[in-house]
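K.L.:
Give me a model of this one.
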Amino acid sequence: MKKRTTWLAMVLALVLVVAACSSDSDSTTTTAAGGDTTTTEAMSDAGPIYVLLPDSASSPRWETDDRRFFDEAFTEAGIDFTIVNAEGDANTQQAQAEAAINAGASVIILASLDTGSGAAIIEAASAEGIPVLEYDRFNTGSSGGAVYVSFDNVAVGATMAEVLAPAIDALGGTPRVVMLNGGEEDNNAFLFRDGYNMTVEERVASGAWALVDDQFVPGWGGGGEGVGIMDGILVASDNGVDAVFAANDNLAQQAITSLLAAGLDPTTIPISGQDATAAGMQNIVLGLQTMTVYKPIEAEAKVAAAVALSLRGGGDGYTGVSVPGFEFSVIGIGSADGKPAALGGDGVVPYIALVPIGVVVDNIADTVIADGFRTVAEICEGDAAATDWCAANG
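P.N.:
As a prediction, the model looks like this:
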């Protein structure tokens, strides 16, 4: 009873905060991680769209990229919306979802912290007739959201292997490989692993590679957990690591930190990444990281915004939905196991799947720079400024 009372108090407090920030039904409130808000006029009487972001620690993308693209899309559409960030706290995100429900949200866009709390949010919203758009991270264990919008996550991992495998093969001998996966609380971590593990299993089975370790990093290493795990792997293997499949740029950086501390040279060790963060791009031009997977977040966020507007208008979220300049396919994903499935089957959620792009030093200018996702200025900072790439592109 005490826990229930505390929960209700949290929810009530958040509802009052939302009410205070939105003094009338015609305003749009965007709440930043630090508490800053901006308001624009809304053009519809339908309920607001709520965007629930997970944190800032697992990747800077949530605040630097996703937030701004959702803000742009919904501001342009002239609709009432609120963007909040749980900053790594599942209880906070659940309370934010309750606030959205109590505020009469027309759609909730959910990038969950873990599948358990995410599933609970989906069930609570669905019980009130509010469609949930599962964004970037899929939540197993629920009846499923209305639509899932993400990249083809198995293809993300396969892209890492496509780029990294030739570099590993070129090492000669029997390269010793580590798989440093994302957090088990995120279904995507398993899908990314599925993508690169197909190549790892094949090479290991043939005797071409040796698998040193295969570990999931809690919270995607948001608290630096990847360094400790990688330190343990290096100690146990007597520094016998020749390549690392790191599931994102944050984990790649933590692997690099651990390798350097062990006296190893990361420029001789193929390392993957994901998210095309500014830090990841700097590591690539420095030669510390071999590649990253660029998932054009503008495409993901703006396609998700179009899907949300369809749901808000009573549509199914994918029929007739298009966003000029961005391509995607509509497939299915099982609500029980989070695996790709045939669209239309029982327990299958429509899955809007976008195509990821592998980025190495030679195509930075043609991908993340050409798209305006990253700038030369933010890449060519600190030690990176002295690299050949920055000399040629700065």
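K.L.:
all contacts plus neighbour counts: C-alpha atoms, from now on.
P.N.:
Noted.
K.L.:
Please name the residues that touch the residue nearest the centre of the chain.
P.N.:
Nearest to the geometric centre of the chain sits Asp136, at 5.4 Å (CA atoms, centre = their mean). Residues in contact with Asp136 (CA atoms under 8 Å, 6 or more residues apart in numbering) are Ala111, Tyr148, Val149, Ser150, Phe151.
K.L.:
again, 7 Å this time
P.N.:
By CA atoms under 7 Å, 6 or more residues apart in numbering, the contact set of Asp136 is Ala111, Val149, Ser150.
K.L.:
Then Gly141?
P.N.:
Going by CA under 7 Å, 6+ apart, Gly141 touches Ala119, Ser335, Ala336.
K.L.:
So among those residues, which ones count as buried?
P.N.:
Ala119, Ser335 (16 or more other CA atoms under 10 Å).
K.L.:
Make CSV out of the contacts of Gly141 and add pLDDT, secondary structure and distance to Gly88.
P.N.:
As requested, the contacts of Gly141 are exported to CSV (pLDDT from 0 to 100; DSSP: H, G, I helix; E, B strand; the rest coil; distance: CA to CA, whole Å):
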residue, pLDDT, secondary structure, distance to Gly88
Ala119, 95, helix, 16
Ser335, 93, coil, 24
Ala336, 91, coil, 24
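K.L.:
Pick the one among the contacts of Gly141 closest to Ala252.
P.N.:
The closest of the contacts of Gly141 to Ala252 turns out to be Ala119 (CA to CA; 29.2 Å).
K.L.:
now the helices: where do they sit in the stretch 251-394 of the chain?
P.N.:
Under the criterion DSSP state H, counting those that start in this stretch, helices of the stretch 251-394 of the chain are mapped to 278-285, 297-312, 376-379, 388-393.
K.L.:
circling back to that earlier point, mind pulling up the phi and psi values for the residue nearest to the centre of the chain?
P.N.:
Dihedral angles of Asp136 (phi, psi; degrees, to the nearest 10) stand at phi 70, psi -40.
K.L.:
Tyr50 too?
P.N.:
Note on Tyr50: its backbone torsions stand at phi -110, psi 130 [degrees, to the nearest 10].
K.L.:
Make CSV out of the helices of the stretch 251-394 of the chain and add mean pLDDT and mean neighbour count.
P.N.:
Below are these laid out as CSV (pLDDT from 0 to 100; neighbours: other CA atoms under 10 Å):
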stretch, mean pLDDT, mean neighbour count
helix 278-285, 98, 24
helix 297-312, 96, 23
helix 376-379, 97, 17
helix 388-393, 96, 13
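K.L.:
Nearest to Thr140, out of the ones you listed?
P.N.:
Taking CA to CA as the criterion, helix 297-312 is the member of the helices of the stretch 251-394 of the chain that comes nearest to Thr140, at 19.4 Å.
K.L.:
neighbouring contacts of that closest one?
P.N.:
65-66, 69-70, 73, 106-107, 133, 149-150, 316-318, 321, 323, 326.
K.L.:
cutoff 6 Å now
P.N.:
Phe69, Phe70, Ser106, Gly317, Phe326 (CA atoms under 6 Å, 6 or more residues apart in numbering).
K.L.:
which among the residues you listed end up buried?
P.N.:
The buried subset of the contacts of helix 297-312 (16+ other CA under 10 Å) comprises Phe69, Phe70, Ser106, Gly317.
K.L.:
Just the ones of these in helices?
P.N.:
Residues of the buried ones among the contacts of helix 297-312 located in helices (DSSP state H): Phe69, Phe70.
K.L.:
Closest to Pro60 out of the buried ones among the contacts of helix 297-312?
P.N.:
Using CA to CA, Phe69 comes nearest to Pro60 of those, at 13.9 Å.
K.L.:
mind listing the strands for the stretch 151-300 of the chain?
P.N.:
With DSSP state E, counting those that start in this stretch as the criterion, the stretch 151-300 of the chain has strands at 176-181, 210-216, 243-246, 292-294.
K.L.:
To Pro356, which of these lies closest?
P.N.:
In terms of CA to CA, the element of the strands of the stretch 151-300 of the chain nearest to Pro356 is strand 292-294, at 6.0 Å.
K.L.:
Arg176 contacts Asp242, doesn't it?
P.N.:
Yes: using CA atoms under 6 Å, Arg176 is in contact with Asp242, at 5.0 Å.
K.L.:
residues bridging contact with these two, i.e. touching both?
P.N.:
Between them, Arg176 and Asp242 share no contacting residue under CA under 6 Å, 6+ apart.
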